[in-house]
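Asks: Next one to model:
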Amino acid sequence: MDLRQLPRCAECGWRRPARAPSCATCLRWLDDDLRVAWRAARREYGVADADVPAFAATVVADPRGVDWRVYDAALGLSPCLSCGAAGGLGAGPESCLDCTAAHDWRWLAAETDRPGVPPGNEHAIRVATAVARIPHRFPAHMVPRYAAFLPMLIAGTLPAGGDARAAQRWLNTGGTLEALDAAPSTSAIADLVRHPVRTDDDPAAAAHPI
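Replies: Here you go, the predicted model:
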């Protein structure tokens, strides 16, 4: 896939929303994506403004069959009575049992793939979005990596298992997210991550230029 036409963030310059949560504009894009789904669900069920808290509570009570974006939006509108997390239920610290339970339940929500995308694309978007929006519940080194692949996932791609593992090995041995963001296509990324990272002081790496 040609990646050169994917929109770039006006704030950070990366493919949108690849710098969430460190870039506020990229993070806002993800939040807006949830709000669009939430407004559509309200229209579908005719939910008035006064009924939003009750509707959100109903969604949170049983996410099965509910689109994951709608469920995540409902969490944001549902206060945690235990810790009062600013981001709503599920966004609190891991020590909050209520937030942890809500976070665990989010994976029961529906992840319906769009027509024409590889099976599992929506799940990958869903996971990467959760990592970017609730980073403290995931390993810190994985947060920017998951976000960096979001633009490609949103565009409809899904790296094969071997490509994904190669990318992780490449990043673990000195590859950079900046290089991935600069790559013009998914095939260029696949080629990039299959070569050793070149360093000026590493003769072995220099013998295998990218």
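Asks: for the chain, what spans make up the helices?
Replies: 24-45, 52-61, 68-76, 97-105, 121-133, 143-148, 150-154, 161-172, 177-182, 186-192, 203-206 (DSSP state H).
Asks: Please name whichever of the ones you listed is nearest to residue 82.
Replies: Distance to residue 82, taken as CB to CB, is lowest for helix 97-105 among the helices of the chain, at 4.4 Å. Any C-beta I mention is one placed from the backbone N, CA and C, and that applies to glycine too.
Asks: returning to that earlier point: winner for burial among the helices of the chain?
Replies: Across the helices of the chain, averaging neighbours per residue (mean count of other CB atoms under 10 Å) puts helix 68-76 on top, at a mean of 25.
Asks: which strands and helices sit next to that helix?
Replies: Packing partners of helix 68-76 (3 or more CB pairs under 8 Å, 6 or more residues apart in numbering; DSSP states H and E): helix 24-45, helix 52-61, helix 121-133.
Asks: Serialize the ones you listed to JSON lines and add fields for mean pLDDT.
Replies: Listed next are those as JSON lines, based on pLDDT from 0 to 100:
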{"stretch": "helix 24-45", "mean pLDDT": "96"}
{"stretch": "helix 52-61", "mean pLDDT": "94"}
{"stretch": "helix 121-133", "mean pLDDT": "95"}
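Asks: Can you say which of those helices is nearest to residue 191?
Replies: helix 121-133 (21.1 Å).
Asks: Do you know the pLDDT at the closest residue to residue 99 other than its chain neighbours?
Replies: Once flanking residues are discounted, residue 99 sits nearest to residue 92: 3.5 Å by CB to CB, 6 or more residues apart in numbering. Residue 92 carries a pLDDT value of 93.
Asks: Would you confirm that residue 92 contacts residue 78?
Replies: No - with contacts counted by CB atoms under 8 Å, residue 92 stays clear of residue 78, the gap being 11.7 Å.
Asks: So for the two, which sits in the more crowded spot?
Replies: residue 92 (24 against 18; other CB atoms under 10 Å).
Asks: From residue 151, how far off is the nearest residue to residue 2 once chain neighbours are set aside?
Replies: Take residue 2 and drop its neighbours on the chain: the residue closest to it by CB to CB, 6+ apart is residue 185, 5.4 Å away. The gap separating residue 185 from residue 151 is 13 Å, by CB to CB, to the nearest Å.
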